[in-house]
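Chemist: Next input, structure requested:
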Amino acid sequence: MTTAIIGAGVMGETLLAGLLRAGVSKKDLLIADRRIERSAEVTEKHGVSNGTNQEVVSNADTVVLVVKPQDMAIVLGEISDAIKPDALVVSLAAGITTSFIENLLPAGTPVIRVMPNTPALVDEGMAAISAGSLSTETHLETAETLLRSVGQVVRVPEKYQDAITAISGSGPAYIFYVVEAMIEGGVMLGLPRDVANELVLQTVYGAATMLRETGEHPTVLREQVTSPGGTTVAALRQFDDFKVRAAFLSAMEAARDRSKELGMQ
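Modeler: Have a look, this model is predicted:
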């Protein structure tokens, strides 16, 4: 089975590298990018073949679209006549619906919509996949195999994809934002930056590990740290005073709404 990845940006290269680490043969992977120099760079680095969008699609059993939402219509127009009749199309573009893609490709083309995230770079990604109207169980299994090369996969109805974009798709940026603020806080309190960095990173990693391994609700774990009249409760009161929880909810609503806007554009 040959897989063509259109889009050699960060996520496109991440998926390519993950497939190679998972044991997929270089001869079964193709890459294309509108930036010829970028396509050549990825080809030289990973030893796979490249070509134009039309060239790689014409030889692929699975076509993975890792392009910007605003470029999707252009790319679909370029590949429509070249795509193989039985090829599966997997889209990683935020906001773009399976019906939009199906309408711009030959009749009968199955489409899977995916929302990945950047921890795929270290094989800890979270991808949500949704079947289009023409997709079968086999198509979903193919998409799952692709995405499991760089992390975890969950199946969801497509109506949830905009919300998932706001949670796991954009979510790593929220965590990085908080980590950045905590490191700056450590420096403000007089710690050397390298010490603050190490303290914060291990704290975040340890907390995430506790959540996964204990299976406890985050409220339970938070309360275990929060002694009456202690330092933690003093800090959490500041979060409540500044409405941090409400800010997170508003931020995720904004991300969801922007995902919908991208689809409509």
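Chemist: Could I get the phi/psi values of the nearest residue to residue 210 once chain neighbours are set aside?
Modeler: Distances taken as Cβ to Cβ, 6 or more residues apart in numbering place residue 221 nearest to residue 210, at 6.0 Å, with adjacent residues excluded. Heads up, the C-betas are built off the backbone N, CA and C, glycines and all. As for residue 221, its main-chain torsions (degrees, to the nearest 10) stand at phi -70, psi -40.
Chemist: Could you count how many residues lie near residue 221?
Modeler: Other residues near residue 221 come to 14 when the count uses other Cβ atoms under 10 Å.
Chemist: do the same with residue 258
Modeler: That count, for residue 258 with other Cβ under 10 Å as the rule, works out to 16.
Chemist: Could you pull up the mean pLDDT of stretch 67-84?
Modeler: For stretch 67-84, the mean per-residue pLDDT is 94.
Chemist: Can you show me the strands along this structure?
Modeler: With strands called from DSSP state E, the chain shows them at 3-6, 29-32, 49-50, 62-65, 88-91, 111-115, 125-131, 151-155.
Chemist: Next, work out how far apart residue 9 and residue 33 are.
Modeler: 8 Å (Cβ to Cβ, to the nearest Å).
Chemist: Which one of the two is surrounded by more residues?
Modeler: Shown here are residue 9 and residue 33; by other Cβ under 10 Å, residue 33 has more neighbours (24 against 14).
Chemist: wait, that one sits on residue 4?
Modeler: No. Look at residue 33 against residue 4 with Cβ atoms under 8 Å: they stay out of range, at 11.5 Å.
Chemist: Looking at residue 265 now. What's its pLDDT?
Modeler: So residue 265 comes in at 73 (pLDDT).
Chemist: Tell me who's in contact with it.
Modeler: Going by Cβ atoms under 8 Å, 6 or more residues apart in numbering, residue 265 touches 69, 70, 95.
Chemist: For these, pick the one with the most neighbours.
Modeler: Within these, most neighbours by other Cβ under 10 Å means residue 95, with 22 neighbours.
Chemist: Leaving out sequence neighbours, find the closest residue to it.
Modeler: The shortest distance from residue 95 to any non-neighbouring residue, by Cβ to Cβ, 6+ apart, is to residue 262 (3.1 Å).
Chemist: and that neighbour, how many residues sit next to it?
Modeler: Applying other Cβ under 10 Å, we find 18 residues neighbouring residue 262.
Chemist: Kindly report the same for residue 5.
Modeler: Neighbour count for residue 5, taken as other Cβ under 10 Å: 29.
Chemist: contacting residues for the residue lying farthest from the centre of the chain?
Modeler: What lies farthest from the middle of the chain is residue 229; by Cα atoms, centre = their mean that is 40.5 Å. Applying Cβ under 8 Å, 6+ apart to residue 229 gives no contacts.
Chemist: List phi and psi for it.
Modeler: Taking degrees, to the nearest 10, you get phi 70, psi 10 for the backbone angles of residue 229.
Chemist: re the thing from before, I'd like the distance between the residue nearest to residue 210 and residue 185.
Modeler: Computed as Cβ to Cβ, the residue 221 to residue 185 distance reads 21 Å.
Chemist: before we move on, the earlier item: how about the contacts made by the residue nearest to residue 210?
Modeler: Listed by Cβ under 8 Å, 6+ apart, the contact set of residue 221 reads 207, 210, 211, 214.
Chemist: Which pLDDT does the model give it?
Modeler: Residue 221 is assigned a pLDDT of 97 by the prediction.
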